[in-house]
Each structure stands twice: as structure tokens, then as C-alpha cells.
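K.L.:
Structure, please.
(3 chains)
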Amino acid sequence: MEILIFSVVALMAVVGSVLVITSRSPVNSALSLIATMVSLAILFLLLNAPFLATIQIIVYAGAIMVLFLFVVMLLNLSKDEFGPERRRAQRFFAILFSFLLLIGITTVLSVGTFGSKSVESSSDTVVPAGVEPLARLLFTKYLFPFELASVLLLVAIVGAIVMAKRRL
Amino acid sequence: MVSSSAYLMLSAVIFVIGVLGVLVRRNILVMFMSIELMLNAVNLAFVALSRQLGNLDGQVVVFLVMAVAAAEAAVGLAIIICIFRRKKSVNVDDFNLMKW
Amino acid sequence: MNYVFLVPLFPLLGFLINGLLALSLKGRSDEKIPGKNLVSWIGCSSVGLSFLTSVIIFFKLLALPAGERVVQKIAFPWILSGSFHIDIGFLLDPLSSIMILVVTGVGFFIHVYSTGYMAKDKGYARYFSYLNLFTFFMLMLVLSNNFLLLYLGWEGVGLCSYLLIGFWYEKKTASDAGKKAFIVNRIGDFGFALGVMLIFWTFGSLNFTNVFENAPQVLAMGGGLVTAMTLLLFMGATGKSAQIPLYVWLPDAMEGPTPVSALIHAATMVTAGVYMVARCHALFLLAPFTMGVVAVIGAATAIYAASIGLVQNDIKKVLAYSTISQLGYMFLACGVGAFSAGIFHLMTHAFFKALLFLAAGSVMHALAGELNMQKMGGLKKHTPITFWCFLAATLAISGIPLFSGFFSKDEILWKAFSSPHGHFLLWMVGVITAGLTAFYMFRLFFMIFLGKSRMDPQVESHAHESPKPMTIPLVVLAVLSVIGGYVGIPQSLGGSNRFEGFLSSVFESGHVAAEEVTAHAPSAEYLVMIISIGVILVSIFMAYRFYLKNPGIPKRLAEKYKTAYGILYHKYYVDEIYDKTIVTPLLNLALFLWKSFDVLIIDGTANGVASLAGWASRVIRKTETGYLRNYALSLIFGATLILVYFIFR
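P.N.:
Numbering: from 1, shown residues only, chains lettered A, B, ... in the order given. The predicted structure follows:
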């Protein structure tokens, strides 16, 4: 059952990402990205991270992508791309290196061993799920990064406003 | 249950697709979206490994990554808007003042 | 004796002080040269003090018993490099003490003379500084106790010769002559340096005592090694002492001021070669072949130069060829093993040749720079002092009995005849040359001072005797030219030849007897003497007829034997031959090498490196495209590489 869901959702994610990079219109790309993010959220659920799944939908799909769409609307772009690709070598090498990268990563992943735990161990009892364990970790072990992240967000807000405004 | 390596493989595929997007598309907004795609792929890898290793550190990292991604998206888009005001174009190839 | 280092030190100080004065006075071309007095005092007194010190040293040396008259004083070590050890050391023995007496004594008088002669020259301070520097180097040369220091002095006097010949450097002929002297000398010096290196390679040391005492053991008599060594050393001597084939610079060197010609090219520098051969007699005696070469070249040069001097019209050129000829005599003496006779002639020659040059300078002073004999005559009444001094010198150089030149030249001729290394032919050449010498010297004398005046009337009206600073040295040297020979009166005439006795301790050192006494009857010596006197008197009579009684004879002879006269007059065309065969090809080679090698390869490499850098940067900067995607691509490329590396680790 799980495998079925996994394969369907994974397929959705891959199709979505391919659509992101191949759509002519930026709006289509954005919508495909949203679809990919939703499938990733489902995968998070499958991986026993309900909180993250929720956050993914709310923050990523809900806020960031909406921001993207706003900007696309602001820039008022047309559907077409701009002239033929003049840098053919770029495209060729891009595909080549991406392919090599894929092979490299998969090799590493298949060859490497991650941790001592075997895959088949029962995960439910070992991995606590839910908000509370996550929050506990966040406010004790990772308190410092948490605070930094909040400062970062503040800086980003101020920066974005300062840069994007027309006149003070 | 599905093995972690499947999730990791999926993550790799999505990552590479994102890389392709960055390298091939000329529209800066689409490039940016591909970067977000890459970040998402990495998030997936983190969560998968956190499940495999049995602790929640991976999930905390994902949480923080999302926060950073949000900040980065905001600032990046603001920059794009500034550039667009100047150059009236979103073709990455037009942003070449650093050319020799 | 501890103060021997003062002897070269005084002139060195004089050079430094005068040199600084010359630099500070440079560019001031007014008539009254400021500081002239100071320069004169410093220049002359430095050499004068050297002379006094030399005299004191000489008497101290004399006080030592005959066998022990060798003193080595080391000032300080100069080079210490592994087993190569050279000191600034001074070797005091009869030979070097005589040399320093001659150099400083004659040098002192020439310095005094120069204060009068160069009085109006704007390079006055520079002149004296060069002259002092020369004296310093010459003294280092004769006082040194090792080959390297001798070579230092050798090169140094060559340098000063160049500086002084080209003293009036604005005149092209003068600067050309200076260059010629230096370059020709260099060729000889090259041989000399090779000889020194060979000596070091053989003996492991360059110290005279080490080399000469070990020479008979280390070197085989007449062997190839010692012959090569001595031939190379002699090559240096032919350059420095103007023998065939490297004499060509000396006639041109007359471009320099006349006192310079007197000091350097008559009395001292050109005698450095003779001194060197005498100093290295231990080596030369082990190489009979080289001795033969030395004697033959000496004799050949003597007669060759005398023949050229017969027909020259420039007084300084006649004296220059005469110098070359007399140097030939000195080498003839050394070549037949009569080293002390050679040094004796060196001393007497210094007196009368310096006197001749200074007197010529006095004549030029009187006649406002005229050099051509054909425009002189009857000068006696205008310059009486110069006249008598010149006469004394001419009698001396011709070898008239009772004058110094007679004793020294006769000693050489006798030894050429009688010595086991000598030969009848060598003696014959010597006698003929003596005749030629007498002829051209008296020709010179008659044409300048006696007979009808051929002077330009303008010039004649201003003819006057030279000032005291110039005439006093003339008189002193004239006295020396007369009495200077009395220290060497040979035993056959009743004297005790104290000169030879004094030097015998030098030349009998080592295990090779330098002057073997062969059993010749005393009557042979008298016969030789009488023959040479006879030849000389005949030559003088002929000169008298040609140039006083019947001045038309030379012209008729010149017409009759036009080719012979032309060859002699043009110095056997040697300069032209050298130019065509050696100088021009070398010059062309240098030009070719410059154009092809220097410009093409070396400049090409230097420029090539620069253009390579430029090309490389032109290529590499193409990566700075400014396109974001290219940069992203290179990022991914790098990441892939790192990944691959880790996979394969």
C-alpha cells in the first residue's frame, strides 16, 4: 500500500518538476512547482513528519509560491521566451554535467551506508512524530539556530522592503 | 515500507532536474523556481534520513531550511524587481555587466 | 722594512685625493685652474715619499748579507677559498728593490715635469690622479709576491695606460689609440692569465716562493707543460712590452701627453714584461724552447722596429719605435739567460728614454706643439738646456762608451754571443740593430737641433726654453744617463759589475744556475766590444753626412728605393694587415651575433615571455563572460568533479 502511494506521489513530483523547467509561461512553472511541493508534502507524511508536511504546504506552497506569482504578475511577462538559445554549448554541457551529477549522486547514495540502523526496523516506536518532540528539540538543542533564523527573517523583511520600494 | 534509498534517489532526481533548470532556462524567475526545487529535494533527503536514523534532528534542519528559503525568496524577488525596473528585462543573459 | 706597504700606498692615496679633487673641479674650464697647486703638491709628493721609502728599503736590504736578501711581508690575506690562498704580500729582494727605485725615482721626476708641461690643461687634476694610480699599480706589480697580485698590477697598468693615452678623449685619434692599446694588451693578458692558471693547476699555489722553489722538482726540463706555461706567460709579455706580434699599440699610444709616453711607454709599464720574465726565470730556464723563442722575438723585434724608425718623421713615433727596439734588446738578454743584463738595460733605458721623451716634450713646448722633424732644425740656439740633455741621451742610447747605454747594451751583446743559450746570429742582429739605433737617433738629433732651420718663421720667433719644472728633471735624467752605467762596469774592463753581483742572489736561486760562465777568453769580449763601437761610429758618421752635410742624400735614396722606403715608412703595413685579417672579421662576427643572437633570441625570449602572458590572459579572460548561467555551469562542473573524486577514492 505504502509503496503504491509512494510511486504515484513520486511520479507526480517528478512530472511536476519537469514541467517546472520546461513550461513556456512562468505562471505554468509556478503552478507546477506548487504541485511538486504538494506531492513532497504527502511524501513527508509518509515519512512520519506530519508537522513538516503541514509547514511545507503553509509556508512553501502557501506563501513563497504566492510571492512568486505576485512578482510574475508585477513584471507582466509575456508568454514567449526571448529569441533562440544563442549559447548552444551551454545547453549541451548543462545536460552533460547534470547527467554526470545524477550518476555521481546515485553512486554515492548506493555505495554509502548511512548510520547503523537497518531499514527494516520499525520506525513508529523509535521515531517520535508530532509537534511536541520537534518543538522540544527546537527549543533546547537547536535554540541558537532558531533564534538566528528569526533574526534572519527580520533582516529579510527589512531588506526586501528597502530594495523593492520606489521612493521613501 | 519503502526503503530510504528510494526516497534518496527521488531526491537526487528532483535535485538534478532543478540543476538543469538553473542552467538551461533564461527567465530569471524560472531559474529561481528551479532553485526552490533544489531546496525541496534536499528537504526530502533530510526527512528520509531522519526517519532512517531515528532522530528528529533532520526534521529540525528542514524546518530551518524552510525558514531560510522563505527569507531568501523574499530578498531575491525584491532584487529581481529592482533589476527589472532598470533593465526592463528578465533575460538572464542581459545581466552581463561583469563581462570582461 | 715593515713599511714596504707604504711604497704603493702613497701613490694610491695621491690618486684618491686627486681623483676627488678632479671630480669636484670638473667642468671648470677657466684658465686659472683652482686647486692646481694642491694637486701638484699631492701628486708629486706622493711619488716622492714613495721614492724616499724605496731608497731607505734599498739600503736596508743592502745591509743584509748577500744570501739572505729576500724579505716577504704580508699585508693581509686577500682570498681564502678552500685551498686557494692569496695574500696581499710584498716580496722584497734585489730585483724588486731596483724596480721600485726606478719606478718611483723616474716617476717622481716625470711628475715634476708634468706640473710644467700640463700646466694649462683643464684636466690637470684628472691627469695627476691617473698618473698616481698608474704608479700604484706598477708598484703593486713589481712588489707582489704572488702571480695573482702581479696580474692585478698588470691589468691595472693596462687600464691606466688606456686612461692616459686617451686622456684628451675628445680627440678621436686619441680615444681610438687608447682602445687599441687596451684591446691589444688584452690579447696578451689572455695568454698570461692562461699561463697563471696553468701554474696554479700544476703547483697548487700562486706564491712565487712556492712555485719557483718547487719548479725543478715538479717540472721536467724542456717538458711540454713548462714550455706551454712559459710561452703563455711570454704572450702576455709581448702584449705589455710591445714585442712582435702585439707591439702595434705603442706607436699609436703617442697620442697621449708626452710625460705619459715617458713614464708609461718608456720607463715603466712596458718594462713590466721584462720584469715578469726575469722574476719567473726559474720557469724559463726549465724551458729552453721558450728561451729561444724569447731571444728570437726580442732580436727580431729590435731590428724590425729600428728599421721602421729610420724613416719616420714624427719625433714621438721615432722614439716609440726606438722603445720597441730597446725592449727587444731586453728580451734578447733574458732569452739568452742574461737576466741581470736585461734588468740593467731596463734601468739605463728608463733613464735615457724618459729623458728623450721629456726632451721631445720640451721641444714641442718650444715649438708650440710641432711634431714633424722636417719642420725643425737649428733649435740649439733657442733651447740650449734641452739641447745638451738630448745630446746626453742620444749618446747613451747609441751605446757610446762612458755613457750608461754602452755598458748595458754591450753586456747584452756579449752575453748574446757567449752564453750557452746565445747564438752568433743573435749577436749579429744585435750589432746591426745597434748601428741602426745610432743612425736614427742621431738623425733625430741633427734634424731637430743642428743645421739649417726649416722651422716655420712664426713658430721660430716664439721658440723658447722650457720652464724650470721641466728643465730640472731633464738635467737630472741626463746626469743619470751618463753615470748610471757605472754600477755595471763589467769585470773585463776593470770594474766589479756590482749590479750583476747585487742581482746574482736573485738569479742564482733555485737549482738551475742562471748564468753559467763559459770559458771565453777575455779578448773575445774586447773584440765584441770594439766591433760594436765601430759599427756605431760608422752609423753616426753616415747620419752626419745624410742630415747635416748633404741633406739631399736621403731624398735621393728615397726616390731610388721607392718600394723599400714605402714599406718602411708605412710600418710594413702591419696595421692594415691586422685590420683586414683580424679586426674586421671579428667586428663582423660581433655584429652578426648581435643581430642574430642577441636581438633575435635573447630579446625574443624576453619579449616572448611577455607576449605569452598577454596571450594567456587574452584566452583566459574569455571565462569572465558575465553570464550567470555560465558561472552556474562551472559551479556544477566543479561539484561533479568533487563527487567523482570522492567516488574513486
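K.L.:
wait, is residue C:72 part of a strand?
P.N.:
Yes - membership of residue C:72 in a strand is supported by DSSP: H, G, I helix; E, B strand; the rest coil.
K.L.:
Am I right that it is in contact with residue C:93?
P.N.:
No - Residue C:72 is beyond contact range of residue C:93, at 9.1 Å (criterion: C-beta atoms under 8 Å). Just so you know, the C-beta spots here come from the backbone N, C-alpha and C atoms, and that holds for glycine as well.
K.L.:
And the two? Which one has more around it.
P.N.:
residue C:93 (20 against 16; other C-beta atoms under 10 Å in any protein chain shown).
K.L.:
Number of residues surrounding the closest residue to that one other than its chain neighbours?
P.N.:
Leaving aside its chain neighbours, residue C:93 sits nearest to residue C:70 (4.6 Å; criterion: C-beta to C-beta, 6 or more residues apart in numbering or on different chains). By the criterion of other C-beta under 10 Å, residue C:70 has 19 neighbours.
K.L.:
cool, residue B:28 as well?
P.N.:
A count of nearby residues for residue B:28, using other C-beta under 10 Å, gives 23.
K.L.:
what residues are up against it?
P.N.:
Shown in contact with residue B:28 (C-beta atoms under 8 Å, 6 or more residues apart in numbering or on different chains): B:80, B:83, B:90-92, B:95.
K.L.:
May I ask which two of these are separated the most?
P.N.:
B:80 and B:91 (12.0 Å; C-beta to C-beta).
K.L.:
ok, the two, which is more surrounded?
P.N.:
residue B:80 (20 against 14).
K.L.:
low pLDDT regions in the chain?
P.N.:
Picking chain A for this. For chain A, residues meeting the criterion pLDDT under 70 lie at A:78-88, A:111-128, A:168.
K.L.:
wait, chain C
P.N.:
Counting by pLDDT under 70, chain C contains low-confidence ranges at C:1, C:25-35, C:488, C:490-498, C:500-501, C:505, C:507-522.
K.L.:
Can you tell me which residues in it are near chain A?
P.N.:
Proximity of chain C to chain A, by C-beta under 8 Å from any C-beta of the partner chain, involves residues C:627, C:629-630, C:633, C:636-637, C:639-640, C:643-644, C:646-647.
K.L.:
and which of those is nearest to chain A?
P.N.:
Among the residues of chain C next to chain A, residue C:643 lies closest to chain A (C-beta to the nearest C-beta), at 3.7 Å.
K.L.:
does the closest one sit in a helix or strand, and which one?
P.N.:
For residue C:643, the host element (DSSP states H and E) is helix C:628-647.
K.L.:
do that helix and chain B meet?
P.N.:
Yes - using C-beta under 8 Å from any C-beta, helix C:628-647 reaches chain B at C:628-629, C:632-633, C:636.
K.L.:
Report the buried residues of that helix.
P.N.:
C:628-630, C:632-633, C:636-637, C:639-640, C:643 (16 or more other C-beta atoms under 10 Å in any protein chain shown).
K.L.:
again with stretch C:394-409
P.N.:
Buried residues in stretch C:394-409 (16+ other C-beta under 10 Å): C:394-400, C:403-409.
K.L.:
go on, stretch C:447-465?
P.N.:
For stretch C:447-465, a neighbour-count test (16+ other C-beta under 10 Å) marks C:447-451, C:453, C:455, C:460, C:463, C:465 as buried.
K.L.:
Output the residues you listed as a markdown table; include the columns distance to chain B and secondary structure.
P.N.:
As requested, the buried residues of stretch C:447-465 are exported to a markdown table (distance: C-beta to the nearest C-beta, whole Å; DSSP: H, G, I helix; E, B strand; the rest coil):
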| residue | distance to chain B | secondary structure |
| --- | --- | --- |
| C:447 | 86 | helix |
| C:448 | 85 | helix |
| C:449 | 89 | helix |
| C:450 | 93 | coil |
| C:451 | 92 | coil |
| C:453 | 90 | coil |
| C:455 | 85 | coil |
| C:460 | 87 | helix |
| C:463 | 85 | coil |
| C:465 | 87 | coil |
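K.L.:
Could you find the closest non-adjacent residue to residue C:372?
P.N.:
residue C:313 (5.5 Å).
K.L.:
For my notes, please list the residues of chain C next to chain A in CSV and give distance to residue C:13 for each entry.
P.N.:
Formatted as CSV, those follow (distance: C-beta to C-beta, whole Å):
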residue, distance to residue C:13
C:627, 77
C:629, 81
C:630, 76
C:633, 78
C:636, 80
C:637, 76
C:639, 78
C:640, 79
C:643, 80
C:644, 79
C:646, 78
C:647, 82
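K.L.:
Is the longest helix along chain B positioned near chain A?
P.N.:
The longest helix of chain B (DSSP state H) is helix B:57-87. Yes - Helix B:57-87 reaches chain A (C-beta under 8 Å from any C-beta) through B:57, B:59-60, B:62-64, B:66-75, B:77-82, B:84.
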